[in-house]
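J.: Fold the following and give me the result.
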Amino acid sequence: MSDPKGLWQASFELDLEPPPLLLEALEEMALSASIFTAAVDEADEATRWRVDLLFAEEPDATTLGAEIGALLAAHDLPAGVDVAIAWLAHQDWLEAVRMTRPPMTVGRFLVHGPDDAPPANARAVPLLIEAGLAFGSGEHATTTACLLAFDRELRRRPFARVLDMGCGSAILGIAAARVNRHTRVLAVDNDPLAVAVARDNAKKNGVAGRVACLVSEGYGDARIRRSGPFDLIFANILADPLVAMAGDLRRHLASGGAAILSGLLDRQAPAVLAAHRRQGMRSTGQVDRPPWAALVLRRSGAVRRAASKRN
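T.: Numbering: from 1, shown residues only. Down below sits the predicted model:
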C-alpha cells in the first residue's frame, strides 16, 4: 500500500511516440504509468512525449534508469534518457493522476471528471470517474472499446448480474449499474489500491449499494462463485491472463450470458478468441480501436431475461 502522504515520481522524455506495449511494460514496474505530450509542432502534432511513473518507495535512480533503458531498447527506442526523480506530496500526486481531459461521450455514456459535471438535462448516462492509481479513466482505447461493445449489447438485452474482472477504476461495472437500477455488480481486482479507487468511484456515482468491490486474484475468491453465475462479464486486462482464465470465465458465466474482453492488441485477438472457443464460447462481435480490440463472446444456452428499467 502506498504512503497516503505522498508518492515518488520518475519522469523522462522521448522524441519518438511510445508504443502501447511499452506502456504495458512500464506499468509492471510502478504503481502507475502515464504518457503526456511534452511538445507540439505548428500543426499541433506531438513531437515529444513525457512519461511519468509513480512509486510508493523511492526508486534507485541508477537501477531504474538501467531498467528503463533496457525496455526502451527492446522497443527500438533510444535507450539513453535522463530520469528525474521527485517526491510528490499527497495533493500533488492526486493532481498528477487525475482526469484532465474534457468530458467524452462513448455510446450512451458521458465520462467526466469531478470538475466537469454534465448538464442537468444531459441525455447520456453520466459516469464520474477518477482513475487515481487504477486503470480506467475512459481515455484508453480499450476502455472506450468495452463501453461501445456494452452499449451495443444493451440494445439486445439488459443484464441483472455483472462481474467486472480486473476492474481498475470500475468504470465498466459502474456503467452497468448506472444504466439499470436493478443491476448488481461485483468489481474485482488483485490490486488493493484499485479496489479502493473502485469503491470510491461507486460512491461518487451513487451506486455503492449495488457495486460490491473485492480484492481477489482472478476468480479465486469464493464470493465470486457465490455471486454468480453472471449475465455479463467484463475483463479488460491483458491477452495472456484472458487466455489463462478462459475456463474460469465460462464456469462463472450464465447460460446465454455475454462476455466483453479487452486489454488485447488486435493481433492478439485470434489467440484469445481461440482459447474461449475451446471452452464452448462463440464470438458475436468485435470493436476495433487500433491497435487495440474488444471481443464480445457468448456462452451457448437460453438467454435469461432481466429487468430493464433505467435510472
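J.: Looking only at the longest strand that the chain contains, what residues are buried by neighbour count?
T.: Selection of the longest strand in the chain by residue count, based on DSSP state E, yields strand 253-265. Buried residues in strand 253-265, counted by 16 or more other C-beta atoms under 10 Å: 253-254, 257-265. For glycine as for every other residue, the C-beta is placed from the backbone atoms N, C-alpha and C.
J.: now, which of these sits nearest Ala46?
T.: Leu265 (21.1 Å; C-beta to C-beta).
J.: beta partners of that closest one?
T.: Leu265 has these beta-bridge partners by DSSP bridges: Trp292.
J.: quick one: it and Ala293 touch, right?
T.: Yes - judged on C-beta atoms under 8 Å, Leu265 makes contact with Ala293 at a distance of 7.1 Å.
J.: Show me what the longest strand of the chain packs onto, helices and strands only.
T.: helix 141-154, strand 230-236, helix 239-244, helix 269-277, strand 292-299 (3 or more C-beta pairs under 8 Å, 6 or more residues apart in numbering; DSSP states H and E).
J.: can you pull the contacts of Val106?
T.: Val106 sits next to 138, 144, 147-148, 151 when contact means C-beta atoms under 8 Å, 6 or more residues apart in numbering.
J.: From Ala25, how far off is it?
T.: 27 Å (C-beta to C-beta, to the nearest Å).
J.: what about Ala30, how many residues close to it?
T.: By the criterion of other C-beta atoms under 10 Å, Ala30 has 20 neighbours.
J.: Show the contacting residues for it.
T.: Contacts of Ala30 by C-beta under 8 Å, 6+ apart are 10, 53-55.
J.: ok, and the closest non-adjacent residue to it?
T.: Nearest residue to Ala30 in three dimensions, chain neighbours excluded: Leu53, at 4.0 Å (C-beta to C-beta, 6 or more residues apart in numbering).
J.: can I assume the one you found is in contact with Ile35?
T.: No - using C-beta under 8 Å, Leu53 is not in contact with Ile35; the gap is 10.4 Å.
J.: ok, those two, which is more surrounded?
T.: Legend: neighbour count by other C-beta under 10 Å for Leu53 and Ile35, higher for Leu53 (23 against 17).
J.: Paired strands for the helix or strand encompassing the more buried one, with orientation please.
T.: Element membership of Leu53 [criterion: DSSP states H and E] is strand 46-55. Note on strand 46-55: by DSSP bridges, its sheet partners are strand 6-14 (antiparallel), strand 32-40 (antiparallel).
J.: picking up where we left off before, reformat the helices and strands packed on strand 253-265 as a markdown table; add mean neighbour count and distance to Ala30.
T.: As requested, the helices and strands packed on strand 253-265 are exported to a markdown table (neighbours: other C-beta atoms under 10 Å; distance: least, C-beta to C-beta, whole Å):
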| stretch | mean neighbour count | distance to Ala30 |
| --- | --- | --- |
| helix 141-154 | 22 | 19 |
| strand 230-236 | 27 | 19 |
| helix 239-244 | 17 | 19 |
| helix 269-277 | 17 | 26 |
| strand 292-299 | 23 | 21 |
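J.: picking that back up, next secondary structure element downstream of the strand holding Leu53?
T.: Following strand 46-55 in sequence, per DSSP H and E, is helix 61-74.
J.: Burial check on Leu23, number of neighbours?
T.: Neighbours of Leu23 (other C-beta under 10 Å): 15.
J.: Determine the three-state secondary structure at it.
T.: Recorded secondary structure, Leu23: helix (DSSP: H, G, I helix; E, B strand; the rest coil).
J.: Looking at the buried residues of strand 253-265, which two lie furthest apart in space?
T.: Comparing the members of these, the greatest separation, given C-beta to C-beta, is between Ala254 and Leu265, at 29.0 Å.
J.: Distance of Ile237 relative to Leu14?
T.: According to C-beta to C-beta, Ile237 and Leu14 sit 26 Å apart.
J.: follow-up on the earlier one: any chance of the buried residues of strand 253-265 in TSV, with pLDDT too?
T.: Below are the buried residues of strand 253-265 laid out as TSV (pLDDT from 0 to 100):
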residue	pLDDT
Leu253	97
Ala254	96
Gly257	95
Ala258	97
Ala259	97
Ile260	98
Leu261	97
Ser262	93
Gly263	87
Leu264	85
Leu265	84
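J.: Output the residues you listed in JSON lines; the columns should cover distance to Ser283.
T.: Below are the buried residues of strand 253-265 laid out as JSON lines (distance: C-beta to C-beta, whole Å):
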{"residue": "Leu253", "distance to Ser283": "14"}
{"residue": "Ala254", "distance to Ser283": "18"}
{"residue": "Gly257", "distance to Ser283": "14"}
{"residue": "Ala258", "distance to Ser283": "11"}
{"residue": "Ala259", "distance to Ser283": "10"}
{"residue": "Ile260", "distance to Ser283": "12"}
{"residue": "Leu261", "distance to Ser283": "10"}
{"residue": "Ser262", "distance to Ser283": "14"}
{"residue": "Gly263", "distance to Ser283": "17"}
{"residue": "Leu264", "distance to Ser283": "13"}
{"residue": "Leu265", "distance to Ser283": "17"}
